[in-house]
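Asks: Got a sequence here, can you model it:
(4 chains)
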Protein chains: 4
Amino acid sequence: MTPITLDQLNALSATDFTAALADIYEHSPWVAEAAAKQRPFATLNALHEAMVAAVKAAPDDARMKLIAAHPDLAGKAARAGSLTRDSTDEQMSAGLDRLSEADYARFHKLNDAYKAKFGIPFIVCVRRHTKDSILDEFERRLAQVDAAETDTALGEIFRIGALRLDQRITAADKVPITGRLSTHVLDTHSGRPAQGVAVELWELSRDGSERLIVRATTNRDGRTDAPLIGGRPVPRGTYELRFAIGGYFRNCGVPLPDPPFLDIVPIRFGVAEPEGHYHVPLSASPWAYGTYRGS
Amino acid sequence: MTPITLDQLNALSATDFTAALADIYEHSPWVAEAAAKQRPFATLNALHEAMVAAVKAAPDDARMKLIAAHPDLAGKAARAGSLTRDSTDEQMSAGLDRLSEADYARFHKLNDAYKAKFGIPFIVCVRRHTKDSILDEFERRLAQVDAAETDTALGEIFRIGALRLDQRITAADKVPITGRLSTHVLDTHSGRPAQGVAVELWELSRDGSERLIVRATTNRDGRTDAPLIGGRPVPRGTYELRFAIGGYFRNCGVPLPDPPFLDIVPIRFGVAEPEGHYHVPLSASPWAYGTYRGS
Amino acid sequence: MTPITLDQLNALSATDFTAALADIYEHSPWVAEAAAKQRPFATLNALHEAMVAAVKAAPDDARMKLIAAHPDLAGKAARAGSLTRDSTDEQMSAGLDRLSEADYARFHKLNDAYKAKFGIPFIVCVRRHTKDSILDEFERRLAQVDAAETDTALGEIFRIGALRLDQRITAADKVPITGRLSTHVLDTHSGRPAQGVAVELWELSRDGSERLIVRATTNRDGRTDAPLIGGRPVPRGTYELRFAIGGYFRNCGVPLPDPPFLDIVPIRFGVAEPEGHYHVPLSASPWAYGTYRGS
Amino acid sequence: MTPITLDQLNALSATDFTAALADIYEHSPWVAEAAAKQRPFATLNALHEAMVAAVKAAPDDARMKLIAAHPDLAGKAARAGSLTRDSTDEQMSAGLDRLSEADYARFHKLNDAYKAKFGIPFIVCVRRHTKDSILDEFERRLAQVDAAETDTALGEIFRIGALRLDQRITAADKVPITGRLSTHVLDTHSGRPAQGVAVELWELSRDGSERLIVRATTNRDGRTDAPLIGGRPVPRGTYELRFAIGGYFRNCGVPLPDPPFLDIVPIRFGVAEPEGHYHVPLSASPWAYGTYRGS
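Replies: Have a look, this model is predicted:
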């Protein structure tokens, strides 16, 4: 789907505007229809807030229908390929399309237990999570008392809506639920930024599997040209940065033993705030290194 | 085999002494027989040097027979279980008894190529190596010119002999080819040694497999009660120390996010000198850590 | 003197332009006069280069007169207060107005020896130096052979001219001989930038004296609002940053012994490249700290 | 005074034993006399405890006389040179013999105020303190209520007695009130201990003065041959270690700018526990360094 600008959206007829944003809220074009009346929107956030307000102002049964319209996570519809395009992309982002049979069974059981207890599907803004943290969240919320879960579900729906808007629309501002993960490599052998270090970011799962998120090479400032993760939430979970520092020092002509003391340096860390700024730098000589959480 | 003391060895009859050390040099009791005449030995090293001198003083063909008496690494004899007990243990120490079929095939091919080129079996002191470094050494030596390989083989045989003596005999001194790997954990949050940190040492292979070498817990000095590797060579290769620092800080009552920024801290490093002293400490707060090669 | 904009300068009459820039080159308005003809200048650098070109294109004796027009460093004219305003400010910037009698005597002797050897006054762009590095430079250049010193003197004059332009004129660009010194404080106890840390930058002399350059307090990013030194060269010399980290942690409510292990943390470092970018950060817990040269 | 061994002491007549230890407790030979009856002493600590027990078992007025027998700190007797030899050495150890007139006046005023309030002289085990911490202690105790000060004074007297015994007697054990200050330098440029680094330990006062405590050079293990302070308390106060790391790297042939980024590295730290073990190491490349409190 080609992104559309906020200005273009503001200029559409109410019908076309509603059509363009029909699926920001799952199977609920009435949210876009309500927001259409408040145009023009100066910012993406203003549009987001108008849609949130429309949901909040709607009658109870409309809101419950909106909640009920959400598919199960890793459920039958997902496996059958009959989700909305947004839902499909979202579930893929956390790897829910590549689960083992055991994991599918676990999701299935949790979905059923949740629906049995609360009468609504389990809704979570998947783009803020990894598979592990979704399962943690599932268990945690399944243990809650009834009252708050509808509110929690709506909160997640608003996050989903915000991120869908962000992906669909080109605007000067960003929705307020993006985070950032960046790095920097300092060469303490030569006292300068380390240029040309190959860096990989991996997502690690508790079951021992790992998923490559991005590969990059440091530039002359010792940074990557773009943040490793930026303009979107940093999914809650465990990560490992892997820095090819041995190859870097070899290329610099530094004499090294074989094998070098440091070759691939792994830095493993957890992300608890998807909207946080995580700066995870490496300062290294061939014989010593350090890291910290910066921001 | 129960260890014997150097004093006991000195007191044996020549025949019993020779029998006791018959297999220090592979299938070559004549080495022990020659050394028996020089008793008593004040130190283990003096005994080791006497055996080395006996090999060096022997006629060329005796030395070539000694070389030829060594089995292939990961060869048919090994797979058939017909090695000497020492050779079996040594090959197990580097995991040569648990190779994949592809690895067995690779060793087989290298053994044949080496014998075809040099007319002798490939001999290496396995206890100084990991599978990866044996294969590296194999390739490197296969590319050498003929002349020096016999000397290289003898040098390896002397190392093997030294380590076999060391395992067999209780003495006040150690043979000169042992190394050490140790660690220490400093808690920079509280400015004291970190007690009770679970530490694991893993050996990593290039094929992605890994082998647990030892598990330990830090004591009140932040050290492990014994070195992670001590009293023997540190096999050349790549290792990963894994420190359960998240659990440590949780036990200390330090408030941490979920997941914590640091949970398991991996430190990956290479060992190039099996006789070296490798001190690989960790200093960590919940948000920053560093390491270096100490000694 | 009120700064003037580059646009205003471009719009002046040739006479007024020459008057405005008469003393960019010491007692030599003809340099400005020559440059006036090439107006308008798109950038400050273009103006600087035009003045440099005018000096280079002038007859030899004009250039030698320009060189000869420069006052001695810490010389009689300086002590009598009869320098140009620019020269006065420049000599003050390196503390040459507050020398001990012994230092005055040393400068006097070096000035005389230099003039006796080379027939010209010793010229150096003082704003790139501290007293110590001026003396080092003096000794170094006094030991040179004759030929190159005139060129060296001219090079320094161009640097002086560039910095005088930069101070006099408001423009979008900067002359290419400015450096930067900055810092950052990371709290590794809490994993966040340290806000509210008092920082002092001192210049240290070999004679044991020290001079406060700037005081600042870190903001919520752990940085100072402005670089400690910026928009000008970082004078060659030795510096000490002093961070009041003990007070910071006390304010954070962290339990500390009395006295705390870390209270004022001094970081002493040398600056060899006045045009370099020196980022000298501190990462600290109450029990450990580290620093490095960043950029 | 030549040290005497514990065995020699045990073998002396009661009279000679008492004479030998007459001044362990200031002007109070009766303490030694009482202890003499309990010989032989297996350890120095047993002797110390016997003397402490003798003081505790003595009638009140004997104890009060012992307290009253102590001289003022930096008082008239000290300035007149009429103290016991032990007291003279002790007051010198904290630099109380080299005070400014202002400091003498301050001590004089505090001595008088303390005596006026509590009726006893202010007693503190000077060897555990620096001038600054004595003054802090003085102010702190002057603000106490009466009751506990006699006990506090006795506690200090026992510490003084223990350290006097330790200096006078050669034994296998040490009294339990000694601390240690040590360092280590690691070269992270080359991954080995830094040998030949000149190290100085300075004591810093709040008035800006500083006192050299010890100079040493690191050995091949990167340590000093002896602890910087050992076998005695580490006086409470502020210290600065100064490492000549620039000269070290220059000697190693590492290319460095002029001036080097790191030349003398100062590490300033406070000591709050005179009986603590303070290990303050430096790990450094020419461009980065770190330290921490170890033990």
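
Asks: ok, so what distance separates the residue nearest the centre of chain A from C:Glu240?
Replies: Of all residues in chain A, the one closest to the mean position by CA atoms, centre = their mean is A:Arg127, 3.3 Å from it. Counting by CB to CB, to the nearest Å, the separation of A:Arg127 from C:Glu240 is 48 Å. Any C-beta I mention is one placed from the backbone N, CA and C, and that applies to glycine too.

Asks: give me the number of residues near A:Glu156?
Replies: 20 (other CB atoms under 10 Å in any protein chain shown).

Asks: Which residue of chain A lies farthest from its centroid?
Replies: A:Pro255 (41.8 Å).

Asks: In terms of helix, strand or coil, where does it fall?
Replies: At A:Pro255 the chain is in coil, as set by DSSP: H, G, I helix; E, B strand; the rest coil.

Asks: Same check on A:Asp207?
Replies: Quick answer, by three-state DSSP: A:Asp207 is coil.

Asks: Neighbours of it, how many?
Replies: Neighbour count for A:Asp207, taken as other CB under 10 Å: 11.

Asks: who's in contact with it?
Replies: With CB atoms under 8 Å, 6 or more residues apart in numbering or on different chains as the criterion, the residues that contact A:Asp207 are A:Ser100.

Asks: could you redo the last one with a cut-off of 10 Å?
Replies: Neighbour list for A:Asp207: A:100, A:102-103, A:131-132 [criterion: CB atoms under 10 Å, 6 or more residues apart in numbering or on different chains].

Asks: Give me the phi and psi angles of it.
Replies: Main-chain dihedrals, A:Asp207, degrees, to the nearest 10: phi -80, psi 10.

Asks: Against A:Leu135, how distant is it?
Replies: For A:Asp207, the distance to A:Leu135 (CB to CB) stands at 10 Å.

Asks: where do the contact lists of these two overlap?
Replies: Common contacts of A:Asp207 and A:Leu135 (CB under 10 Å, 6+ apart): A:Asp103.

Asks: returning to what we had before: of the contacts of A:Asp207, keep whichever come out buried.
Replies: Buried subset of the contacts of A:Asp207 (neighbour count, 16 or more other CB atoms under 10 Å in any protein chain shown): A:103, A:131-132.

Asks: circling back: so the residue nearest to the centre of chain A versus chain C, what's the distance?
Replies: From A:Arg127 across to chain C, the span is 25 Å (CB to the nearest CB, to the nearest Å).

Asks: do the same with A:His27
Replies: A:His27 sits 42 Å away from chain C, taking CB to the nearest CB as the criterion.

Asks: State the next helix or strand along the chain beyond the longest helix along chain A.
Replies: Ranked by residue count and defined by DSSP state H, the top helix of chain A is helix A:149-168. For helix A:149-168, the following helix or strand on the C-terminal side (DSSP states H and E) is strand A:169-170.

Asks: Residues touching that next one, excluding its own?
Replies: The contact list for strand A:169-170 (CB under 10 Å, 6+ apart) reads A:2-9, A:20-21, A:24, A:41, A:44, A:47-48, A:175.

Asks: what's the offset of that strand from the middle of its chain?
Replies: 18 Å (CA atoms, centre = their mean, to the nearest Å).

Asks: pLDDT (mean, whole number) over that strand?
Replies: Strand A:169-170 shows a mean pLDDT of 94.

Asks: Just after that strand, pick out the following helix or strand.
Replies: Following strand A:169-170 in sequence order, the next helix or strand is strand A:179-182 (DSSP H and E).

Asks: Output the worst-scoring helix or strand of chain A on mean pLDDT as PDB - backbone C-alpha positions only.
Replies: Lowest on mean pLDDT, DSSP states H and E among the helices and strands of chain A sits helix A:76-80, with a mean of 83. Extracted as PDB, the C-alpha positions of helix A:76-80 are listed here (Å, rounded to 0.1, in the frame of the first residue of the first chain):
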ATOM      1  CA  LYS A  76      -6.800 -20.500  13.200                       C
ATOM      2  CA  ALA A  77      -7.500 -17.500  11.100                       C
ATOM      3  CA  ALA A  78      -3.800 -16.600  11.100                       C
ATOM      4  CA  ARG A  79      -2.800 -20.100  10.000                       C
ATOM      5  CA  ALA A  80      -5.500 -20.100   7.400                       C
END
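
Asks: who does that helix touch, helix- and strand-wise?
Replies: Taking 3 or more CB pairs under 10 Å, 6 or more residues apart in numbering or on different chains; DSSP states H and E as contact, the helices and strands that helix A:76-80 lies on are helix A:85-93, helix A:101-118.

Asks: between those helices, which gets the lowest average pLDDT?
Replies: Taking the mean pLDDT of the helices and strands packed on helix A:76-80, helix A:85-93 comes last: a mean of 90.

Asks: Could you check the angle it makes with helix A:149-168?
Replies: 100 degrees (axes from the mean of the first three to the mean of the last three CA atoms, to 10 degrees).

Asks: pull the CA atoms of helix A:85-93 into PDB?
Replies: Presented in PDB, the C-alpha positions along helix A:85-93 are these (Å, rounded to 0.1, in the frame of the first residue of the first chain):
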ATOM      1  CA  ARG A  85      -3.200  -7.400   5.900                       C
ATOM      2  CA  ASP A  86      -2.200  -5.300   8.900                       C
ATOM      3  CA  SER A  87      -2.800  -8.200  11.300                       C
ATOM      4  CA  THR A  88      -0.800 -10.500   9.100                       C
ATOM      5  CA  ASP A  89       2.100  -8.200   9.000                       C
ATOM      6  CA  GLU A  90       1.900  -7.600  12.800                       C
ATOM      7  CA  GLN A  91       1.900 -11.200  13.700                       C
ATOM      8  CA  MET A  92       4.800 -11.800  11.300                       C
ATOM      9  CA  SER A  93       6.800  -9.100  13.000                       C
END
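
Asks: Which other helices and strands does it contact?
Replies: Here helix A:85-93 touches helix A:76-80, helix A:149-168, going by 3+ CB pairs under 10 Å, 6+ apart.

Asks: Need the residues that contact the least confident helix or strand of chain A.
Replies: With CB under 10 Å, 6+ apart as the test, helix A:76-80 has contacts from A:71-72, A:82-84, A:87-88, A:91-92, A:96-97, A:99, A:104, A:107-108, A:111.

Asks: For ChimeraX, what selects the buried ones among these?
Replies: A single ChimeraX command selects the buried members of the contacts of helix A:76-80 (16+ other CB under 10 Å):
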select /A:71,72,83,84,87,88,91,96,99,104,107,108,111
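
Asks: so A:Val199 is in which element?
Replies: Short version, using DSSP H and E: A:Val199 is in strand A:198-204.

Asks: what's the following helix or strand after that strand?
Replies: strand A:210-217.

Asks: So is the helix or strand following that following strand next to chain B?
Replies: Counting by DSSP H and E, the next helix or strand C-terminal to strand A:210-217 is strand A:229-232. No. For a cut-off given as CB under 10 Å from any CB of the partner chain, strand A:229-232 has no contacts with chain B; the smallest distance is 15.6 Å.

Asks: how about the following helix or strand past strand A:229-232, does it reach chain C?
Replies: Where DSSP H and E defines the elements, the next helix or strand beyond strand A:229-232 is strand A:237-244. No. Applying CB under 10 Å from any CB, one finds strand A:237-244 separated from chain C by no less than 15.8 Å.

Asks: near chain B, anything from strand A:237-244?
Replies: Yes. Interface with chain B: strand A:237-244 contributes A:237-238, A:240, A:242 (CB under 10 Å from any CB).

Asks: What strands flank that strand, and is each parallel or antiparallel?
Replies: Paired strands of strand A:237-244, with direction, are strand A:198-204 (antiparallel), strand A:264-271 (antiparallel) (DSSP bridges).
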